[in-house]
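Undergrad: Below is the sequence, then the predicted model.
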Amino acid sequence: MTLIGMLHHRKDPTTVIKSYAYAAVAKAEGATFFYFSPGQVNFTTSKINGYVYENGKWVEKVMPFPDVIYNAGSPEKLNKSKDIIQKLKEKIPFTTHSIGNKWNVQKRLNEAKEFSNYLIPSEIIKSSDSFFKYVETFDKVVFKPIDGRKGKGIYFITKKADGFQVQTDLNSRFYTTQQLTNLIRERVKNGTYILQPYITSVTKSGQVFDFRLHVQKNGEGKWVITTIYPRIAPMGSIIANINNGGYTNYLDPFLEQEFKDNAFNIKRTLEHFSLSLAKHLDELQMVLYDEVIDEIGIDVGLDQNNKIWIYEVNWRPGCPPAFYLELDVVTNSIRYAMYLAKNQQTIKAQIRQLKREQNKVKRELPIIAITGSAGKTTSKAFLASILSKKWNVFESKDYWNTTEHTKQHKELIDPSHQAVVLEYGMAYKGVITEHCKIIKPNISIVTNIGLAHVGNFNSDIRGVAHAKSELIHGMDQQGLLIVNKDDANSRYLETQRFKGKILTVGIKSAADYRAFDVKYAKEGMEFKIRLQGKVNQLYIPILGEHHVYNALNAIAVADQLGFSPMDIKAGLIFKKPPRRLTIYNCKNNITVIDDTVHSHPQGVRAAIDVLSNIGKHRTIAIIGQMRELGDLREAEYRKLGEYVVSKKIDYLITYGFRTDEITNHAKAKGFPAQRLYHFTDKDKLHDLLSKIIRSNDTILVKGASKTNMFETVKFLDEKYG
């Protein structure tokens, strides 16, 4: 006869109502059952001072160590006795192991990939700044505590034209941006909160609903469905949890009412999903912790396309709200405890076998290398941000793109990494070949072919293309290559002998990944793209149409690697590389645009486009020297002078050797001479700025790091705050 011990943090079983049901069912199933708490365990005698239910009351008895322990208490309260519990676990099998909080479960499912497309992208919010970037992308979001329970502390936030509507259960009020900022700061200061896009799951009458999928292991150690039932929120509420006033219904009539002819298919889908996810989580627990789990509650929603989204997974779900189901839950728990007691060796063998199978199945590590004349760092940052929604990603540091850096990266990449994203820079022929010898990529992106370093190639753009093509020759020849369809010079790339898959990105041309309806938005860009058969509206928190191309590079790779449009949308809210069109909002409504890392004609034109688009009043362009243009310098400087005229910039200031060629040509094309300046002395440049800058001006500072143009940004920041 199996001896089952029920472990609980409370010493008195009369205060634990479910203990009666477990005692009764255990007796009916032919098992001996007793109740105990950690303080009643004696390891010296291997005895426990517990309670047995006899003749309608609990009787205190000294019991031997049980064959199996049903783990029923609060994890937080039992943690006070963790040493005792750990010693018990070393001797006796336990039921009911923790699978972690919301964030840990999400991370585990993301990394395992199989169910990751059912997860709502989530971010741990550490500042109000990251919060508002997320809201800019999704419009409607859910902000909730990472360890919340029973629907408590959840905020549903909707972006409005002049502020935000914030709803907590039945209460709804309007917040200004400042009020919401204060709320977010207060919450993240006192706890850990996650943010998710709000997935709408509503009935025909407009009531929010979700499904609870309750699954357990039975007396044969197999997963079975205990129940599936809908939970419907009261009208006007957006929390369906029973503890918050939600109510339930039987599954079949609810499905027939809401889904008509599709009711049967949805029921079967929910059943298959619940058992499959339970089995998957169980296998992950075995591989990661050498434990098995026996019961979970899964909360899911259905969006307007009837796609399942996982809201939460609970490893200790409450009893379904019907008495006869409570007995079903208890019966499964007791029968499984008896199975667990008798089949320890079988279970351990299953774990060993599963680990062996996992070790055999090794997915090829995506190694992504990015090169190009512009956009490498930003494309890399976008892609790493998206991939990190699911995977542990090795990302090279910003601007670490020399072969010496690649050698360092090779030493830093380890088996925990599930993807590698690198930037391969070059200034001369043969450099990218050396990169590929150190780390050979199987996915490559060539952002564009421009004039950066063209002076090192006899001022011939085809020489630049030939050097960039070393990435195509040096990568896995069966891999994936992404190129820019709109970039005229990319036609010089040597793709003829490449046997892998080539995909294109573009805005102006028909491409495999094409952005359309591109427009400037609040501190970023909005655009649409067709992904997986549907049009998606996307947002990136960085200005300039050229950065849409960088986003497209990342989108193409992520889509090919199986990431969902929702993951991609969330991942585009990335950590922007420093000094890349960074906006400083200064006093007197003065705006400074800092773009002081690299400088070449293509990048200068892109920065001027941004200045032209966001400057609402006077616009001032400060342009530094561009190096390594070779024989093309004069022609390119003249083209830039003409371009500034075409964009109707109010002031043009150039700095550095021979940059007066830009201002001279602008003057020749009609730019007013009294608003043209050229300097080779930075202090004199700053003196001029102090005299001409007024309220509401927008100032672009564009230049390469080597010309130290960031000093001008610092000057403006110190003067105008």
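TA: Noted; the coordinates are in hand. Numbers count the residues shown, from 1 in each chain.
Undergrad: does Phe710 really touch Arg579, like I thought?
TA: Yes: using C-beta atoms under 8 Å, Phe710 is in contact with Arg579, at 6.5 Å. Yep, even glycine has a C-beta here, placed from its N, CA and C like the rest.
Undergrad: Could you list the low-pLDDT ranges of this structure?
TA: 148-151, 170, 243-244, 322-324, 360-363 (pLDDT under 70).
Undergrad: Kindly state the domain boundaries assigned to it.
TA: As assigned by automatic domain parsing, the chain contains the domains 3-91, 121-197, 203-360, 367-571, 582-720.
Undergrad: residues contacting Ala21?
TA: 326-327, 330 (C-beta atoms under 8 Å, 6 or more residues apart in numbering).
Undergrad: Kindly report the same for Arg173.
TA: Residues in contact with Arg173 (C-beta under 8 Å, 6+ apart) are 165-166.
Undergrad: how about a cut-off of 10 Å?
TA: 164-167, 179 (C-beta atoms under 10 Å, 6 or more residues apart in numbering).
Undergrad: who's it bridged to?
TA: Val166 (DSSP bridges).
Undergrad: contact partners of stretch 177-186?
TA: Contacts of stretch 177-186 (C-beta under 10 Å, 6+ apart): 125, 127-132, 135, 143, 155, 157, 159, 162-164, 166, 173-176, 193, 195.
Undergrad: Just the buried residues of those.
TA: 125, 128, 130-132, 135, 143, 155, 157, 159, 164, 166, 175, 193, 195 (16 or more other C-beta atoms under 10 Å).
Undergrad: In helices only, show me those residues.
TA: 128, 130-132, 135 (DSSP state H).
Undergrad: Show me the strands in the stretch 351-500 of the chain, by range?
TA: Listed in chain order, the strands of the stretch 351-500 of the chain (DSSP state E, counting those that start in this stretch) span 367-371, 393-395, 419-423, 443-446, 480-484.
Undergrad: Figure out which of those strands is closest to Gly615.
TA: Among the strands of the stretch 351-500 of the chain, the nearest to Gly615 by C-beta to C-beta is strand 480-484 (27.5 Å).
Undergrad: if we can go back for a sec, now distance to Lys102 too, for the domains of the chain, in CSV please.
TA: Formatted as CSV, these follow (distance: least, C-beta to C-beta, whole Å):
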stretch, distance to Lys102
domain 3-91, 15
domain 121-197, 6
domain 203-360, 6
domain 367-571, 15
domain 582-720, 34
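Undergrad: what's the closest of these to Ile99?
TA: domain 203-360 (4.4 Å).
Undergrad: From Arg108, how far off is Leu284?
TA: 6 Å (C-beta to C-beta, to the nearest Å).
Undergrad: tell me, what's touching the two both at once?
TA: 99, 115.
Undergrad: who has more neighbours, those two?
TA: With neighbours defined as other C-beta atoms under 10 Å, Leu284 and Arg108 compare such that Leu284 has more, 21 against 18.
Undergrad: close enough to count as contact, that one and Asn110?
TA: No: using C-beta atoms under 10 Å, Leu284 makes no contact with Asn110, being 11.3 Å away.
Undergrad: Going along the chain, name the strands of the stretch 501-650 of the chain.
TA: Assigned by DSSP E, counting those that start in this stretch, the stretch 501-650 of the chain shows strands spanning 501-506, 513-521, 524-531, 534-540, 582-585, 591-595, 619-624.
Undergrad: Rebuild those as a markdown table, extending it with distance to Thr659.
TA: Below are the strands of the stretch 501-650 of the chain laid out as a markdown table (distance: least, C-beta to C-beta, whole Å):
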| stretch | distance to Thr659 |
| --- | --- |
| strand 501-506 | 32 |
| strand 513-521 | 28 |
| strand 524-531 | 29 |
| strand 534-540 | 31 |
| strand 582-585 | 22 |
| strand 591-595 | 16 |
| strand 619-624 | 7 |
